[in-house]
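Engineer: Got a predicted model here, sequence first, then my questions.
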Amino acid sequence: GAGVSQSPSNKVTEKGKDVELRCDPISGHTALYWYRQSLGQGLEFLIYFQGNSAPDKSGLPSDRFSAERTGGSVSTLTIQRTQQEDSAVYLCASSLVGTGNGNTIYFGEGSWLTVV
Amino acid sequence: AQSVTQPDIHITVSEGASLELRCNYSYGATPYLFWYVQSPGQGLQLLLKYFSGDTLVQGIKGFEAEFKRSQSSFNLRKPSVHWSDAAEYFCAVGAGSGGGADGLTFGKGTHLIIQP
């Protein structure tokens, strides 16, 4: 597609439920990132996929968070047993390769998650 | 590990006045530096980036930024702001050394308010 596409754009869920957030990166981009943006905060790195390499999960805040990337393209971020503190905007981004090679990271419009 | 500081949480500027948003970074080597803008309810849009070469970089929407290694700064400027510039501005540094550091580390953002 022309840009990074995320769905759903908005999600309200009850505490304790599981949620899945989807990201469709720009075609041909091998690097995919998930970030979390909480109210009044900057962007917090969650996880990074690069090609077929093992993902860097160092930013995931707890074992309730997981992500996968199927076929090197679409990615799903799963939050199990959601808590109110999980309420945030979850931003997905992609780039041709990592920024170390000078490529720009392009962001989607985010999935706004509200846990009630 | 790299870090980014945006010392101003909020800045208010009159329409037509000049603007400077401050950004300081901490990184051991030559950084890759970025400024992104986020309008309400939107994802992040890249304004400009610095990888190497000329330390004064031009971006979209009339913005520019200057990389000053001696001050570890990458301040964003615009000579005359428009009401449509009201948004959240994020400075980011990319390390490119692999793993989660191959993405971006963001500052907490500066909220720009434009007075008529």
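Structural biologist: Good, I have the coordinates. Numbering: from 1, shown residues only, chains lettered A, B, ... in the order given.
Engineer: Show me which residues of the helix or strand of chain B with the lowest mean pLDDT are buried.
Structural biologist: Scoring the helices and strands of chain B by mean pLDDT, DSSP states H and E places strand B:104-106 at the bottom, with a mean of 85. Judged by neighbour count (16 or more other CB atoms under 10 Å in any protein chain shown), strand B:104-106 contains these buried residues: B:104, B:105, B:106. Any C-beta I mention is one placed from the backbone N, CA and C, and that applies to glycine too.
Engineer: got it, and stretch A:48-66?
Structural biologist: Judged by neighbour count (16+ other CB under 10 Å), stretch A:48-66 contains these buried residues: A:48, A:49, A:50, A:55, A:56, A:57, A:59, A:60, A:65.
Engineer: Show the contacting residues for the fourth one.
Structural biologist: Read that as residue A:55. Residue A:55 sits next to A:47, A:48, A:49, A:67, A:69 when contact means CB atoms under 8 Å, 6 or more residues apart in numbering or on different chains.
Engineer: make it 10 Å
Structural biologist: Contacts for residue A:55 (CB atoms under 10 Å, 6 or more residues apart in numbering or on different chains) come out as A:32, A:34, A:47, A:48, A:49, A:66, A:67, A:68, A:69, A:75, B:99, B:100.
Engineer: of those residues, the lowest pLDDT goes to which?
Structural biologist: Of all the contacts of residue A:55, residue B:99 carries the smallest pLDDT score, 38.
Engineer: Which residue is the nearest non-sequential neighbour of residue B:5?
Structural biologist: Among residues not flanking residue B:5 along the chain, residue B:24 sits closest, at 4.7 Å (CB to CB, 6 or more residues apart in numbering or on different chains).
Engineer: scratch that, residue A:41
Structural biologist: Counting by CB to CB, 6+ apart, residue A:41 lies nearest to residue B:108, which is 6.2 Å off, once chain neighbours are set aside.
Engineer: Please, which helix or strand holds that neighbour?
Structural biologist: For residue B:108, there is no helix or strand it lies in under DSSP states H and E.
Engineer: Can you give the distance of the least confident helix or strand of chain B from its chain's centre?
Structural biologist: Chain-centre distance of strand B:104-106: 11 Å, with CA atoms, centre = their mean, to the nearest Å.
Engineer: so what does that strand touch, helix or strand wise?
Structural biologist: On a contact count with 3 or more CB pairs under 10 Å, 6 or more residues apart in numbering or on different chains; DSSP states H and E, strand B:104-106 meets strand A:31-37, strand A:43-50, strand B:3-5, strand B:32-38, strand B:87-94.
Engineer: Pull the contacting residues for residue B:73.
Structural biologist: Residues near residue B:73 by CB under 10 Å, 6+ apart: B:5, B:22, B:23, B:24, B:25, B:33, B:65, B:66, B:67, B:91.
Engineer: nearest to residue B:51, of these?
Structural biologist: Among those, residue B:33 lies closest to residue B:51 (CB to CB), at 8.3 Å.
Engineer: close enough to count as contact, that closest one and residue B:59?
Structural biologist: No. Between residue B:33 and residue B:59 there is no contact under CB atoms under 10 Å: 11.6 Å.
Engineer: Neighbour count: these two, which is higher?
Structural biologist: Set residue B:33 next to residue B:59 and count neighbours by other CB atoms under 10 Å in any protein chain shown: residue B:33 wins out with 23 against 18.
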